[in-house]
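# Next one to model:
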Amino acid sequence: DVNENVVMSVYRKELDGSFTLLMDDIKNPGTFYIIDPHPSLRFSSYRIIAKDSINGKTSFLDTPYED
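Residues are numbered from 1 along each chain as shown. Coordinates of the predicted model:
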């Protein structure tokens, strides 16, 4: 079930620990795909942030990917 109140953002974690926004304001996400225009060579880590637009509750998930 998709919560219609959830808005998501996706960031790439850079090697220096900073984050680069890839996509913001993803409403009613369900299944979606994002193409990273400048991924790191052989390793990328992403942070997915979900925020409930009604109560403001925020959660996130860091997802590493290794080629």
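# ok now do Ile34, which residues does it touch?
For Ile34, the contacting residues are 10, 22-23, by Cβ atoms under 8 Å, 6 or more residues apart in numbering. For every residue, glycine as well, the C-beta is placed using N, CA and C.
# Of these, which is the most crowded?
Most neighbours among these, by other Cβ atoms under 10 Å: Val10, with 20 neighbours.
# Where does that one fall, secondary structure wise?
For Val10, the element it lies in under DSSP states H and E is strand 6-13.
# list the buried ones in stretch 39-52?
44-51 (16 or more other Cβ atoms under 10 Å).
# Specify the beta-bridge partners of Asp52.
Taking DSSP bridges as the rule, Asp52 bridges to Val6.
# residues touching it, list them.
Taking Cβ under 8 Å, 6+ apart as the definition, contacts of Asp52 comprise 3, 5-6, 58.
# related to what we said a few turns ago, any idea of the mean pLDDT in the strand holding Val10?
Averaging pLDDT along strand 6-13 yields 91.
# Stretch 19-28 now?
In this model, stretch 19-28 has a mean pLDDT of 89.
# hmm, who's touching that stretch?
Contacts of stretch 19-28 (Cβ under 8 Å, 6+ apart): 2, 4, 6-14, 32, 34, 36, 46-47.
# Compute the inter-axis angle for the host helix or strand of Asp24 and strand 6-13.
Using DSSP H and E, Asp24 falls within strand 19-27. Interaxial angle, strand 19-27 versus strand 6-13 (axes from the mean of the first three to the mean of the last three Cα atoms, to 10 degrees): 160 degrees.
# how far does strand 19-27 sit from the chain's center?
Remark: strand 19-27 is offset 6 Å from the chain centroid, using Cα atoms, centre = their mean, to the nearest Å.
# In three-state terms, label Ile54 for me.
Three-state call for Ile54 (DSSP: H, G, I helix; E, B strand; the rest coil): coil.
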